[in-house]
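Chemist: coordinates only, sequence not included:
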């Protein structure tokens, strides 16, 4: 079974390894919204897709199909190793099954990278990646991590910042950030990176919560104490001594 | 100018966007050791390459060539937005120059992703990315970040863990890790991911310093309090309630 990262979704970000695995397989399993990015690659294949919170069932289905002798691709957006499907398959696979199903994890361009590339260079120095989804992680743990990421002066990348029903974790994150960082700290928000409706916004921390575009398709990058803006870019210095023109 | 991430180095990880930019350009600028991965793509192009610590000079050269009207690709391994060349170009570019040189940053598969894919699923929960190079960041800042990453129970990904001359930061990092994490914490080390001489090692934190393979071609991933090993895999649970078989 291949656990395949397709990157942000455009064909130009799909690695050849991922492309070939998808072309060569018989069964494709994935979240509905991601499979639409694979338009044109799915002909003649068995497609098993389902909604957002059905990932355990999808993983079980993928294992079932692989045990039955099919070449299976389980699709993750971005990188399957970062909040993706890789962990679930490895956790679910019993010892005997693992012997029967060779697993390959095919990495992809994760949201931190695709979004940073559109904002400028916010990740030139140490950073922390935090999911704001409190479905699987206790909100106290999330808040603790935000506090320590602030105290360590990490740039912070928030995955899953907000959904229609889940608004509080972002508000809470903002309160913590405002306690530790200057209200002028640059914040980059990218929604639907590398897709037709891509949106890129750079704003000050103090105004972050007003940004309507923060949703499940968005990634939020909060600068560290040294991050600055220059023209349309957000830049965290690596530490070189460069002449500023 | 395109600032191009080539991923770990194998052609199968090179995105179509990066591939095309390289094929179409006239001038390629990059660190010598990375250009060898582009074998076969460089014919007929002007090649400007130099050694490891010459990156400011390379960036200046790339700007010079672009200002002279050439299509230039500046090459980074992995993702140019993560400790890569994107920041330096954006910092160096004066306002007037920026108007003349359109910049595109082409993201790539970063070492955290390519290495995690070979270790199993260590990055299924929140993680911190820290460079152990003290050339550009004060060692006190690095140590502070390691401490806070430990206190936040982040999985930690160390880039640039060690070089021939730079051994101390890794030793110091280990001492801090041993203070906060169980000596049994799984540590994954991947050297030369997706290259012919790839090496993948999973070991306990207490034994980490003995691993000879930790060098500038290696990435080190230290588990959080919940990371476990299973067969040949290192897994950090996402938090799903899964039956363990």
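Modeler: Perfect, thanks for sending it. Predicted model only: the values in this text are computed from it and were never measured.
Chemist: contacts, neighbours, all on C-alpha from now
Modeler: OK.
Chemist: where does chain A get nearest to chain B, residue-wise?
Modeler: residue A:128 (4.1 Å; Cα to the nearest Cα).
Chemist: I'd like to check the angle between the strand or helix carrying that residue and strand B:127-131, please.
Modeler: Assessed by DSSP states H and E, residue A:128 sits inside strand A:127-131. Interaxial angle of strand A:127-131 relative to strand B:127-131 (axes from the mean of the first three to the mean of the last three Cα atoms, to 10 degrees): 170 degrees.
Chemist: which elements pack onto strand A:127-131?
Modeler: In this structure, strand A:127-131 packs against helix A:139-151, strand A:155-159, strand B:127-131, with contacts taken as 3 or more Cα pairs under 8 Å, 6 or more residues apart in numbering or on different chains; DSSP states H and E.
Chemist: what sits against the residue lying closest to the residue of chain A closest to chain B once chain neighbours are set aside?
Modeler: Spatially, and ignoring its direct neighbours in sequence, residue A:128 is nearest to residue B:128 (4.1 Å; Cα to Cα, 6 or more residues apart in numbering or on different chains). Taking Cα atoms under 8 Å, 6 or more residues apart in numbering or on different chains, we find residue B:128 in contact with A:126, A:127, A:128, A:129, B:149, B:154, B:155, B:156, B:157.
Chemist: shouldn't the fifth one be in contact with residue A:151?
Modeler: No. The criterion here is Cα atoms under 8 Å, and residue B:149 misses it with residue A:151 at 9.5 Å.
Chemist: between these two, tell me which one has more neighbours.
Modeler: residue B:149 (27 against 17; other Cα atoms under 10 Å in any protein chain shown).
Chemist: how about the contacts made by the more buried one?
Modeler: A:148, A:149, A:152, B:128, B:155, B:156.
Chemist: try it again at 7 Å.
Modeler: A:148, A:149, B:128 (Cα atoms under 7 Å, 6 or more residues apart in numbering or on different chains).
Chemist: and residue A:213, how far is that from residue B:193?
Modeler: 36 Å (Cα to Cα, to the nearest Å).
Chemist: ok, these two, which is more surrounded?
Modeler: residue B:193 (24 against 18).
Chemist: phi first, then psi, for the more buried one.
Modeler: Residue B:193 has phi and psi values of phi -50, psi 140 when expressed as degrees, to the nearest 10.
Chemist: contacts only, for it.
Modeler: Contact analysis of residue B:193 by Cα under 7 Å, 6+ apart lists B:8, B:114, B:115.
Chemist: can you check the pLDDT for it?
Modeler: Looking at residue B:193, its pLDDT stands at 96.
Chemist: likewise the one 10 residues further on?
Modeler: The predicted local confidence for residue B:203 comes out at a pLDDT of 98.
Chemist: ditto for residue A:52
Modeler: For residue A:52, the predicted pLDDT is 69.
Chemist: sorry, back to before: tell me the spacing between the residue of chain A closest to chain B and residue A:20.
Modeler: Residue A:128 sits 32 Å away from residue A:20 when distances are taken as Cα to Cα.
Chemist: again with residue A:229
Modeler: From residue A:229 to residue A:20 the distance is 40 Å (Cα to Cα).
Chemist: next one: residue A:167
Modeler: Using Cα to Cα, residue A:167 is found at 39 Å from residue A:20.
Chemist: cool, and residue A:74?
Modeler: Taking Cα to Cα, one finds residue A:74 at 13 Å from residue A:20.
Chemist: the lowest-mean-pLDDT helix or strand in chain A: which residues count as buried?
Modeler: Among the helices and strands of chain A, helix A:95-100 carries the lowest confidence by mean pLDDT, DSSP states H and E, at a mean of 86. Residues of helix A:95-100 classed as buried: residue A:98 (neighbour count, 16 or more other Cα atoms under 10 Å in any protein chain shown).
Chemist: same question for stretch A:8-21.
Modeler: When burial is assessed from 16+ other Cα under 10 Å, stretch A:8-21 yields the following buried residues: A:8, A:9, A:11, A:12, A:13, A:14, A:15, A:16, A:17, A:18, A:19, A:21.
Chemist: reformat those as a markdown table; add secondary structure and pLDDT.
Modeler: A markdown table is the format used below for these (DSSP: H, G, I helix; E, B strand; the rest coil; pLDDT from 0 to 100):
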| residue | secondary structure | pLDDT |
| --- | --- | --- |
| A:8 | coil | 97 |
| A:9 | coil | 95 |
| A:11 | helix | 96 |
| A:12 | helix | 97 |
| A:13 | helix | 98 |
| A:14 | coil | 98 |
| A:15 | coil | 98 |
| A:16 | helix | 98 |
| A:17 | helix | 98 |
| A:18 | helix | 98 |
| A:19 | helix | 98 |
| A:21 | helix | 98 |
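Chemist: for burial, what's the neighbour tally of residue A:45?
Modeler: If we define neighbours as other Cα under 10 Å, then residue A:45 has 15 of them.
Chemist: show me what contacts it?
Modeler: Per Cα under 7 Å, 6+ apart, neighbours of residue A:45: A:26, A:27, A:28.
Chemist: among these, name the ones in strands.
Modeler: A:27, A:28 (DSSP state E).
Chemist: of the contacts of residue A:45, which count as buried by neighbour count?
Modeler: For these, buried by 16+ other Cα under 10 Å: A:26, A:27, A:28.
Chemist: which residues touch the second one?
Modeler: For residue A:27, the residues meeting the contact criterion (Cα under 7 Å, 6+ apart) are A:45, A:46, A:47, A:70, A:71, A:72, A:73.
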